[in-house]
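Student: structure, please.
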Amino acid sequence: MDFSWRDAAGRLIIGELDGDDKYLSAAAGPVSKLLDERKREALLTVYRPSIARFSLATARSARKLSALLDLHGVPRGAAPELDRYGVPVPPPGFAERPTVRGQGVFVAAGMRVSFVEEVFEQAA
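Tutor: Numbers count the residues shown, from 1 in each chain. Just a heads-up that it's a prediction; the model follows:
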């Protein structure tokens, strides 16, 4: 799972950015990689998610990616303000937020556990 969202009703939406490299460079062969992917996706169906698969070519097209995300109900806010170089401008208070070093979800002993590891850095 490369991305995950929740829609307004709380339904899980999974985004899978599929590249060709993992199939072309797989030591065990591309069929093995495809089978692994199918097993992983079968396990994810326990949560009844919507799974949005897309390629890098789709991700590079704002129109195509937006249409795909809309189709799956991915919530989105307004586009960020951009500086003169086209880089998103951080929102107010962004510098005071903790750095997220890791986050995710794991399943153990039948329990689904979400975690966020935050690091608060002191300004020098």
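
Student: what residues does stretch 73-87 touch?
Tutor: 5-8, 11, 13, 15, 50, 52, 69, 88-89, 91 (CB atoms under 8 Å, 6 or more residues apart in numbering). The C-beta positions use only the backbone N, C-alpha and C, and glycine is treated the same way.

Student: try 6 Å
Tutor: The contact list for stretch 73-87 (CB atoms under 6 Å, 6 or more residues apart in numbering) reads 5, 7, 13, 88-89.

Student: restricted to buried residues, select these in ChimeraX.
Tutor: Of the contacts of stretch 73-87, the buried ones go into a single ChimeraX selection, burial set by 16 or more other CB atoms under 10 Å:
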select :5,13
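
Student: against R97, how distant is E16?
Tutor: Separation of E16 from R97 (CB to CB, to the nearest Å): 28 Å.

Student: quick one: which of those two has more around it?
Tutor: Higher neighbour count among E16 and R97: E16, with 15 against 11, using other CB atoms under 10 Å.

Student: the helix or strand hosting the more buried one packs against which elements?
Tutor: Per DSSP states H and E, E16 falls inside strand 12-18. With contacts taken as 3 or more CB pairs under 6 Å, 6 or more residues apart in numbering; DSSP states H and E, strand 12-18 sits against strand 3-6, strand 50-55.

Student: tabulate the ones you listed (JSON lines), appending distance to K39 and mean pLDDT.
Tutor: What follows is the helices and strands packed on strand 12-18, written out as JSON lines (distance: least, CB to CB, whole Å; pLDDT from 0 to 100):
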{"stretch": "strand 3-6", "distance to K39": "19", "mean pLDDT": "87"}
{"stretch": "strand 50-55", "distance to K39": "14", "mean pLDDT": "90"}
